[in-house]
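In: here you go, sequence then predicted model.
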Amino acid sequence: MNEYKKKIDEILLSVEKPARYVGGEWNTPDMTKPHRAKFCFCFPDVYEIGMSNLGLQILYDVINSHPDFIAERCYAPWPDMGAKLRENNLPLLSLETATPLKDFDVVGFSVQFELLYSNFLYMLDLANIPFYAKDRGEEYPIICAGGPCAVNPEPFAPFCDCVLIGEGEEMDLALLKLVADGKEKGWTKAQILEKAKEIEGVYVPSMLGEGEKVVKAVVKDFENAPYPTKPLVPNIEIVHDRATLELYRGCASGCRFCQAGYYYRPIRERSPEKCAEYGKKMIDSTGFGEISLCSLSTSDYTGLMDLEKELRPFIEEKKITFALPSLRLSSFTKEMAQSSRKSSLTFAPEAGTQRLRNVINKNVTDEEIDNIGRAFEAGYDSVKLYFMLGLPTETDEDILGIAEICRRLKKLYFEIRHKKNLNISVSCAVFIPKPSTPFQWEEQISLDEMLRRQSLLRKALREIKGVSFSWHGAETSVLEVALARGDKRLAPVIVRAYELGAMFDSWTEYFNWDIWVQAFKDCGVDMQDYVGEISEDKVLPWDFIDIGVSKKYLLGQRHLAYQGITTKNCREGCNGCGANKLGRCTIT
């Protein structure tokens, strides 16, 4: 046991949930094998959330399955543990071997959404690593970042030696091989980074030339891509405490607000046989009591019923549950409802009227919303519905349409079940105009307007028995837009916010709007510069990134939105978005 591990053990009983920090999970790979380079995955949120992240599980398995490399993990310590580390003069350590982050060859941050940016700095600070790449000498590891926020990395790019854009299964290994070669040949960090630019998907902020593009990395053979069939079994209950099966990547629907639907194209499916094989192996190697399916729209997976048929005997034999996540109303069937557990199903109509669903290209009709009746026939008494407020062209009539949908479902439930005890959970997020979507140029409604629209809907839903309502915070939504569409001017703002106390911004009890307002003011940056409508002819901070889908296509979709014209599902024929150039869509 190293000295750091002994000190950590001494303070564990004085912090909340000490099991977050002990490591040693079932299925932990061999950390003692000879290796050429070591990687530490840093997830800037707590253990329970980071351990639930499928992307991190996949990449952790990919690296540790390679004979030359080792990957360890580190999650953001809860504030009580962070304070204890400082009190005891301890650096931030990896879970597996209690190694300081400074001692790894590469430290990679998984940045899942914008409100994690302050925790990025929190972890660097605890690790005694300077925030800015320009301030780090040869004695520090290469700091990289990836994940969904890499679609526009500019606000945090100054903190990174390189940013990994796209899918990491092949990119991470290529980077580690390069780093290992560099160590053995005595290359400087700059020499390694110069060569790293040649790896598809790797963006080196300090070395991007005028007019250069960074092409997103894509796993072309998704069917045979590596998958963690022996995932780590967490020490404590986590957010998604189950075996997770990834069915496919990308989305055929083309909802105009959805960043993931465009960023993860081309669309690639994994066969039902392969998915079933992985699911069985995960249950046998972990003892999980549930298999959950993962994709952007599970009911759009062409092999769904074949997969269910393949897994059914195994599920019954093992007495485990089979969970369907958020479903697409247009492709939901009674068979799907009957195949999963009888608790609650989740759907995302997104908008309350047909007119607004056409604007956002949510190809769901009122008749298809009535498909939820198939769940009632299968025995469900609870439904979760997701909507957005503040979508382009939205009116009060659209908002009140959400309440009308709830009334219609209550009536439908009574007609089918002859009971009145249907529970409907309505959740409303505020529209965020995200980069690399047709709505990336849109303005966000004002804070006052957010609160007015939330109040209007809350009042309408109160009149319907059995309906609960939750909504996303207004201030956090404004900050998300600024950080999502920001440029490098925001890096000092993030640093200043952290200096003022910002961290765990995605946690309601820690988010402090006034801190961020002050940070923008102190840095002389106007938050409204990033929140208002953007001119279509303006060069965007993320334009240098080629995600496959062309800017011309996104702009055309924006214009169709304002005409209320929908675009067909990719499964009905290719719409020519451009993603095929990075790898063939396997559904058309």
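Out: Sure, I can see it.
In: what number of residues lie near residue 420?
Out: Residues lying near residue 420 (other Cβ atoms under 10 Å) number 10. (Each C-beta comes from the backbone N, C-alpha and C, glycine too.)
In: and it, that one's in a strand?
Out: No. Assessed with DSSP: H, G, I helix; E, B strand; the rest coil, residue 420 is coil; it does not lie in a strand.
In: quick check: phi and psi at residue 164.
Out: phi -100, psi 110 (degrees, to the nearest 10).
In: so it sits right up against residue 145, yeah?
Out: Yes. Between residue 164 and residue 145 there is a contact at 7.1 Å, judged by Cβ atoms under 8 Å.
In: what do those two both touch?
Out: Contact with both residue 164 and residue 145 is made by residues residue 108, according to Cβ atoms under 8 Å, 6 or more residues apart in numbering.
In: ranges for the strands of the stretch 1-150 of the chain?
Out: Applying DSSP state E, counting those that start in this stretch to the stretch 1-150 of the chain gives strands spanning 37-43, 69-75, 106-110, 142-146.
In: export those strands as TSV, with columns for distance to residue 271.
Out: Output for the strands of the stretch 1-150 of the chain, formatted as TSV (distance: least, Cβ to Cβ, whole Å):
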stretch	distance to residue 271
strand 37-43	29
strand 69-75	28
strand 106-110	28
strand 142-146	27
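In: and of these, who's closest to residue 430?
Out: strand 106-110 (24.4 Å; Cβ to Cβ).
In: and the residue nearest to residue 25 when sequence neighbours are not counted, how many residues sit next to it?
Out: Distance criterion Cβ to Cβ, 6 or more residues apart in numbering; nearest residue to residue 25, sequence neighbours excluded, is residue 232 at 4.3 Å. Residue 232: 21 surrounding residues under other Cβ under 10 Å.
In: could you do residue 45 as well?
Out: 22.
In: against residue 532, how distant is the residue nearest to residue 25?
Out: Using Cβ to Cβ, to the nearest Å, one gets 44 Å for the distance from residue 232 to residue 532.
In: surely residue 165 and residue 157 touch.
Out: No. If you go by Cβ under 8 Å, residue 165 and residue 157 don't touch, sitting 10.8 Å apart.
In: looking at this, residue 424 is in a strand?
Out: Yes. According to three-state DSSP, residue 424 belongs to a strand.
In: the residue lying closest to it once chain neighbours are set aside and residue 21, how far apart?
Out: Nearest residue to residue 424, sequence neighbours excluded (Cβ to Cβ, 6+ apart): residue 467, at 4.7 Å. For residue 467, the distance to residue 21 equals 41 Å [Cβ to Cβ].
In: for the stretch 151-300 of the chain, just list every one of the helices.
Out: Assigned by DSSP state H, counting those that start in this stretch, the helices in the stretch 151-300 of the chain fall at 168-185, 189-196, 259-263, 272-286.
In: which residues does residue 73 bridge with?
Out: In this entry, residue 73 is beta-bridged to residue 41, by DSSP bridges.
In: which positions within the longest helix along the chain qualify as buried?
Out: In the chain, taking DSSP state H as the definition, the longest helix is helix 396-417. Neighbour counts over helix 396-417 (16 or more other Cβ atoms under 10 Å) mark 398-403, 405-406, 409-410, 412-413, 417 as buried.
In: between the residues you listed, which is nearest residue 135?
Out: Comparing the buried residues of helix 396-417 against residue 135 with Cβ to Cβ places residue 399 closest, at 48.3 Å.
In: quick one: the closest one from residue 48, how far?
Out: Residue 399 is 34 Å from residue 48, by Cβ to Cβ.
In: what about residue 555, how many neighbours?
Out: Residue 555 is flanked by 14 other residues according to other Cβ under 10 Å.
In: sorry, that was for residue 392
Out: Other residues close to residue 392 by other Cβ under 10 Å number 21.
In: three-state assignment of the nearest residue to it once chain neighbours are set aside?
Out: Of all residues not flanking residue 392 in the chain, residue 442 sits nearest, at 5.2 Å (Cβ to Cβ, 6+ apart). Secondary structure, three-state DSSP: residue 442 is coil.
In: thinking again about what came up before, got the phi/psi numbers for the residue nearest to residue 25?
Out: Torsion angles, degrees, to the nearest 10, at residue 232: phi -60, psi 140.
In: with the one 3 residues further on instead?
Out: Backbone torsions of residue 235, given as degrees, to the nearest 10, read phi -80, psi -20.
In: find the nearest non-adjacent residue to it, please.
Out: In space, residue 235 comes closest to residue 19 once its chain neighbours are excluded; the distance is 4.1 Å by Cβ to Cβ, 6+ apart.
In: need the contact list for the residue nearest to residue 392.
Out: 392, 431, 433, 533, 534, 558.
In: and those residues, which is closest to residue 302?
Out: Checking the contacts of residue 442 against residue 302 by Cβ to Cβ gives residue 558 as the nearest, at 29.3 Å.
In: against residue 442, how distant is the closest one?
Out: Residue 558 sits 8 Å away from residue 442, going by Cβ to Cβ.
In: any idea which residue of the protein is furthest from its center?
Out: residue 418 (40.0 Å; Cα atoms, centre = their mean).
In: stretch 378-390: which residues count as buried?
Out: The neighbour-count check on stretch 378-390 (16+ other Cβ under 10 Å) flags 378, 380, 381, 382, 383, 384, 385, 387, 388, 389, 390 as buried.
In: same check, this time on stretch 498-508
Out: By 16+ other Cβ under 10 Å, the buried positions in stretch 498-508 come out as 498, 502, 503, 504, 505, 506.
In: correct me if wrong: residue 267 contacts residue 247.
Out: No. Under the criterion of Cβ under 8 Å, residue 267 is not in contact with residue 247, lying 11.0 Å apart.
In: which one's more surrounded, these two?
Out: residue 267 (25 against 22).
In: how close does the nearest residue to the more buried one once chain neighbours are set aside get to residue 553?
Out: Computed as Cβ to Cβ, 6+ apart, the closest residue to residue 267 that is not its neighbour in sequence is residue 250, at 3.5 Å. Residue 250 is 15 Å from residue 553, where distance means Cβ to Cβ.
In: more neighbours, the two?
Out: residue 250 (26 against 19).
In: so what's the more buried one up against?
Out: By Cβ under 8 Å, 6+ apart, the contact list for residue 250 reads 261, 264, 265, 266, 267, 268, 296, 579, 585.
In: confidence score at it?
Out: Looking at residue 250, its pLDDT stands at 92.
In: then residue 318?
Out: Looking at residue 318, the pLDDT reads 94.
In: in contact with it, which residues are there?
Out: Taking Cβ under 8 Å, 6+ apart as the criterion, residue 318 is in contact with residue 283.
In: and residue 93, what does it touch?
Out: Residues near residue 93 by Cβ under 8 Å, 6+ apart: 4, 5, 8, 74, 99, 100, 101.
In: quick one: which of those residues sit in helices?
Out: Under the assignment DSSP H, the contacts of residue 93 contribute 4, 5, 8 to helices.
In: and these, which are buried?
Out: 4, 8.
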